[in-house]
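Participant: this one's structure only:
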């Protein structure tokens with residue numbers, strides 16, 4: 001075993017009290033975070049001594065799956081299967097204060113300044129990233145589970161926790177009264193399907209957005225991700241003159257990268273971190289057009305290529321139907337393009353999922369106007385401060401999230417909790 005790997009294995013064994021365990025296997029992974037940094041991790045599978053895996057290669061009760069960041073030597077995942085830990089002198093907690101102190105030591109973050117408790121249920125604790133109590137977007141979380149013996153059975157960290165220099169601190173200046181015009185604009189008539197009642201309801205609801213702290217501009221959710229450095233916004237309608245009478249052959253996709261120790265320890269940038277060039281954009285557009293001509297021969301001009309982005313060795317092309325209805329779920333196609341040959345190798349269409357709504361009862365006739373719905377809902381509008389990451393500037397800016405947990409049934413005027421639909 002590479003000496004660098006062995007050192008991390010020994011470090012992990014001591015830290016989590018794995019004297020009763022043996023290392024079954026390990027593997028390197030990499031991902032690109034929102035700052036366009038390539039993060040390498042070492043993932044280890046530990047089994048209790050004298051215990052083999054269950055049938056089907058499933059880890060047995062008490063097995064430990066642990067992942068460590070190679071750059072900062074901080075752990076990103078610790079999971080003991082089925083909440084059972086055979087660790088001796090491992091990590092244990094007596095109360096919430098112990099957990100918070102351990103997290104501060106483990107992550108280098110300060111409680112109340114950079115993370116805060118979001119939810120607590122029995123032996124499960126969920127913390128979220130923040131800036132002095134103001135949550136982040138995209139969000140970040142830390143999850144902790146302990147068992148009845150007070151032993152750590154799960155620790156997972158998701159998302160990014162920014163450095164101080166990445167934060168543009170401001171005084172919050174937004175108010176509900178000052179943004180009423182935006183709530184009017186964002187109130188939309190949308191068809192919500194109820195799976196429980198097998199019915200589609202016409203609902204007036206707020207389309208979530210962020211407002212900049214000066215109140216002068218808005219940031220829709222999809223724009224936040226479209227601006228990500230390795231995402232390329234296209235918005236091009238795909239048209240062709242003739243169909244292509246050659247059957248499309250789906251190829252099996254490989255989502256697991258074979259990463260060597262040299263790549264991992266040298267922190268070589270992932271190909272996913274590179275921007276898509278104009279030449280690559282043109283080749284991807286041609287690949288998308290070819291697939292549409294094969295699989296959707298009579299639908300020229302009906303699809304819009306909205307985004308290209310890299311992921312796990314492929315370039316993903318996201319298309320939406322040019323003509324959209326009011327259903328909350330919209331028709332989309334995701335095309336997977338080989339990043340070397342620039343040939344489409346597979347695709348996913350949301351049509352089968354949308355067809356499940358064909359048997360739902362059609363929405364009732366709309367009798368409530370948008371202005372009436374606004375008057376009914378205006379006392380329930382929410383405005384929550386968030387620090388939102390600006391991909392172009394590389395900083396978190398203070399914004400306000402416009403939202404409402406309720407909607408108005410456009411046929412009856414009844415107020416409905418959206419999470420109940």
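Facilitator: Noted; the coordinates are in hand. This is a predicted model, so every value here is computed, not measured.
Participant: pLDDT weak spots in this protein?
Facilitator: 52-57, 221-229, 326 (pLDDT under 70).
Participant: For the lengthiest helix in it, buried residues please.
Facilitator: The longest helix of the chain (DSSP state H) is helix 278-295. Within helix 278-295, the residues scored as buried using 16 or more other CB atoms under 10 Å are 280-281, 283-285, 287-295. For glycine as for every other residue, the C-beta is placed from the backbone atoms N, C-alpha and C.
Participant: go on, stretch 40-50?
Facilitator: 40, 41, 42, 44, 45, 46, 47, 48.
Participant: contacting residues around the first one?
Facilitator: It stands for residue 40. 28, 29, 30, 69, 70, 71, 259, 263, 264, 265, 267 (CB atoms under 8 Å, 6 or more residues apart in numbering).
Participant: so it is in which element?
Facilitator: Take DSSP states H and E as the rule and residue 40 turns out to sit in strand 38-48.
Participant: That strand pairs with which strands, and in what direction?
Facilitator: Under the criterion DSSP bridges, strand 38-48 sits next to strand 21-32 (antiparallel), strand 64-69 (antiparallel) in its sheet.
Participant: gap between it and the chain center?
Facilitator: 21 Å (CA atoms, centre = their mean, to the nearest Å).
Participant: What of stretch 159-175?
Facilitator: 20 Å.
Participant: got it, and stretch 308-320?
Facilitator: Counting by CA atoms, centre = their mean, stretch 308-320 comes out at 15 Å from the chain centroid.
Participant: any residues touching it, and which ones?
Facilitator: 228, 230-232, 234, 238, 253-255, 257, 271-274, 276, 280-281, 284, 287-288, 303-307, 330-339, 342, 345.
Participant: ok, now stretch 138-151?
Facilitator: 34, 80, 83-85, 87, 90-94, 99, 103, 107, 115, 118, 123-129, 152-161, 224, 389.
Participant: hmm, try it at 7 Å
Facilitator: Stretch 138-151 is contacted by residues 34, 83, 85, 87, 90, 92-94, 99, 103, 115, 123-129, 152-161, 389 when judged by CB atoms under 7 Å, 6 or more residues apart in numbering.
Participant: Look at the spatially closest residue to residue 213 that is not a sequence neighbour and give its secondary structure.
Facilitator: Nearest residue to residue 213, sequence neighbours excluded (CB to CB, 6 or more residues apart in numbering): residue 398, at 4.7 Å. Secondary structure, DSSP: H, G, I helix; E, B strand; the rest coil: residue 398 is strand.
Participant: ok, how many other residues are close to residue 398?
Facilitator: By the criterion of other CB atoms under 10 Å, residue 398 has 21 neighbours.
Participant: what do you get for the one 4 residues further on?
Facilitator: For residue 402, the number of neighbouring residues by other CB under 10 Å comes to 23.
Participant: Contact partners for the residue lying closest to it once chain neighbours are set aside?
Facilitator: Of all residues not flanking residue 402 in the chain, residue 209 sits nearest, at 5.4 Å (CB to CB, 6+ apart). Residue 209 sits next to 186, 218, 219, 220, 402 when contact means CB under 7 Å, 6+ apart.
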